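Asker: Structure of the sequence below:
(2 chains)
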Amino acid sequence: GENVEQHPSTLSVQEGDSAVIKCTYSDSASNYFPWYKQELGKGPQLIIDIRSNVGEKKDQRIAVTLNKTAKHFSLHITETQPEDSAVYFCAASKGYQKVTFGIGTKLQVIP
Amino acid sequence: DTEVTQTPKHLVMGMTNKKSLKCEQHMGHRAMYWYKQKAKKPPELMFVYSYEKLSINESVPSRFSPECPNSSLLNLHLHALQPEDSALYLCASSQSGAGASLDTQYFGPGTRLTVL
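Answerer: Down below sits the predicted model:
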């Protein structure tokens, strides 16, 4: 089955700096890669996703890149703010309603 | 509106109790999911309903019994749980019930379950 590795497991950045979270996947058939943000006591919220026919996608301060050849994808958050502090999960899917999650990255933005 | 609602928010139950978790969505989504999430871990898939029929059961113990009464509602019936079943139970939904689609899953806030 699919295996998604995510790193780092924790990340501390100063407010205003950028944060980068990296994931690799094992199944070359995976073609959909969502990113979720989970705040304490809440459910995961989709923040951005990318499909395998696209190499990069951006939404304001958030961007995701995908390298299908290397089977890795990354989340970039620029100009970080304290409210960006949360746990971020990458995930991979090839459909069939199954999504494989990474272990999560706890991001702390220090004011 | 991408809202999935779950009730109750918190639930404490004894090992001999029977309780139910409820999930609701009004986005017209045809696939609904139950996940279990332990502290500091990613969500683990338990069940998937597609067009109100159970399509995936990830070898979940029978003390967890899902039910999908209609396309907007999903229940999880709990009976004779163990303390290790204490976790955050998340419901999610996605647009298409088709098995091969690449649908975004939208999560509810979860029910924090404690089994004493």
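
Asker: Please count neighbours and contacts with C-alpha atoms only from this point.
Answerer: Fine.

Asker: Need the per-residue pLDDT for the residue positioned nearest the centre of chain B.
Answerer: Nearest residue to the geometric centre of chain B (C-alpha atoms, centre = their mean): B:Trp34, 2.6 Å. Predicted confidence (pLDDT) for B:Trp34: 98.

Asker: Show me what it bridges to in the sheet.
Answerer: With DSSP bridges applied, B:Trp34 shows beta-bridge pairing to B:Phe47, B:Cys91.

Asker: Burial check on B:Gly14, number of neighbours?
Answerer: Burial of B:Gly14 is recorded as 15 neighbouring residues (other C-alpha atoms under 10 Å in any protein chain shown).

Asker: What are the buried residues along stretch B:66-80?
Answerer: B:66-68, B:71-80 (16 or more other C-alpha atoms under 10 Å in any protein chain shown).

Asker: Dump those residues to CSV, plus distance to chain A.
Answerer: As requested, these are exported to CSV (distance: C-alpha to the nearest C-alpha, whole Å):
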residue, distance to chain A
B:Pro66, 17
B:Glu67, 18
B:Cys68, 17
B:Ser71, 16
B:Ser72, 18
B:Leu73, 18
B:Leu74, 16
B:Asn75, 17
B:Leu76, 17
B:His77, 20
B:Leu78, 20
B:His79, 24
B:Ala80, 25
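
Asker: Which residue, other than its chain neighbours, is closest to A:Pro82?
Answerer: The shortest distance from A:Pro82 to any non-neighbouring residue, by C-alpha to C-alpha, 6 or more residues apart in numbering or on different chains, is to A:Val109 (5.1 Å).
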